[in-house]
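Colleague: Fold the following, please.
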Amino acid sequence: MMRTLVLVPTYNEAASIRSIVARIRAAVPEADVLVLDDASPDGTGAIADELAAADDRLRVAHRPGKQGLGAAYLDGFARAAAEGYEAVVEIDADGSHDPAELPTMLGLLATTPADLVIGSRWVPGGSVVNWPRHRLAISRTGNRYARWMLRSRVRDITAGFRAYRVSALRGLDRAVVSSQGYCFQVELAWRIEAAGGRIVEHPIAFVERANGRSKMGPGIVLEALARVTAWGVSARFGRGPIRSTAQRGS
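Modeller: Just a heads-up that it's a prediction; the model follows:
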């Protein structure tokens, strides 16, 4: 396996952090895990510290406050690059992403020219479990709008379960990646695709979280809509990333 760092951003995930860490360690025991905790008031960080004390492949980064998903992942990407990792994984702490898919996703990254492997709900074989109809409609519509506006071939461009080749992330730092919420995932995939990076989508079953509350709110959705529209308009008038056709999806 490629030398891999699995990033687990947390904010109030005390009910699920033990389970998700155990599942990741069972699925990819050769990988290292970094929990990125945004000063969770429910004690998630302290639980993660307890787990790390018993596992030399698990570390915890205590961030000073709730700064957003994008900022947490950018911190994790920087650590992965500085420490010589070849692959870096994004996975939610709430259990909605199944770590058992990681060997396949990392295998695709290692054995194909892919720069990014996305765990995709919206390709053949992918699915969503226990979502109400309105959330399904919002997700499908959001993906279709982003694909059309950005001229992207990625079917699940909003997905948050991903494995990146670290070399593909070079240059995509805070000066480039401007979004910090839901649309962080859209922006990062779009910029990799626009730079000629190769993207593969692996079908997964996304399972609605069993514990806690979703961080998705109307403000995050509106931010994504506004930013995707602005990026699409800018690109169409020659002021955004130039799209390349040298990418692939499945």
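Colleague: Need the residue closest to the centroid of the protein.
Modeller: residue 160 (3.4 Å; CA atoms, centre = their mean).
Colleague: That one in helix, strand or coil?
Modeller: coil (DSSP: H, G, I helix; E, B strand; the rest coil).
Colleague: Count the neighbours of the nearest residue to it once chain neighbours are set aside for me.
Modeller: Once flanking residues are discounted, residue 160 sits nearest to residue 185: 5.5 Å by CB to CB, 6 or more residues apart in numbering. Quick note: C-beta positions are derived from backbone N, CA and C, even for glycine. The tally of other residues near residue 185 (other CB atoms under 10 Å) stands at 24.
Colleague: was I right about residue 185 contacting residue 156?
Modeller: No. Using CB atoms under 8 Å, residue 185 makes no contact with residue 156, being 9.3 Å away.
Colleague: Show the end-to-end separation of stretch 110-130, please.
Modeller: This stretch, stretch 110-130, spans 32 Å end to end (CA to CA, to the nearest Å).
Colleague: for stretch 120-131, same thing?
Modeller: 15 Å.
Colleague: Just give me how far that stretch sits from the chain centre.
Modeller: Offset of stretch 120-131 from its chain centre (CA atoms, centre = their mean, to the nearest Å): 16 Å.
Colleague: Check which residues of that stretch are buried.
Modeller: 120, 121, 122, 123, 126, 128, 131 (16 or more other CB atoms under 10 Å).
Colleague: just to revisit the earlier point, shouldn't the residue nearest to the centre of the chain be in contact with residue 89?
Modeller: No. In this structure residue 160 lies outside contact range of residue 89 using CB under 8 Å: 10.8 Å.
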